[in-house]
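Student: need a structure here:
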Amino acid sequence: YYKFNRLGFAGYRALRDNQFSNAKHLRDALKSFNCEDGRPYFMMLDDGDTKCLPVVAAMLNPELALPFDDIDLQHQMQQYHWYV
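Tutor: All right, here's what the predicted structure looks like:
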């Protein structure tokens, strides 16, 4: 409510559109990571670009039997100040 009052309708819409754009960019980047055999590294858990929430939810593909899991990836990302 505060941001809506401060930014106005057009400003809040621009902020929301930017958030959706960033989420789409991140989702598309995660979808593009594939193994040599073409299987994706990530399984997308969110509904995609439904204009509901600017959220990206993904997990490592369990079919790949990678030597690390989601928690290991999260710890590596935290070292670079990404909080997931």
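
Student: residues contacting the spatially most central residue of the chain?
Tutor: The residue lying closest to the centre of the chain (C-alpha atoms, centre = their mean) is residue 56, at 3.2 Å. For residue 56, the contact set (C-beta atoms under 8 Å, 6 or more residues apart in numbering) comprises 23, 26-27, 30, 44, 46. All C-beta atoms are positioned from the backbone trio N, CA, C, and that covers glycine.

Student: could you check how far it is from residue 2?
Tutor: Distance, residue 56 to residue 2, by C-beta to C-beta, to the nearest Å: 25 Å.

Student: if we can go back for a sec, ranking the contacts of residue 56 by neighbours, who comes first?
Tutor: For those, counting by other C-beta atoms under 10 Å, the largest number of neighbours falls to residue 27: 20 neighbours.

Student: excluding sequence neighbours, find me the nearest residue to it.
Tutor: Counting by C-beta to C-beta, 6 or more residues apart in numbering, residue 27 lies nearest to residue 56, which is 4.9 Å off, once chain neighbours are set aside.

Student: next, give phi and psi for that neighbour.
Tutor: Main-chain dihedrals, residue 56, degrees, to the nearest 10: phi -120, psi 120.

Student: no further questions, thank you.
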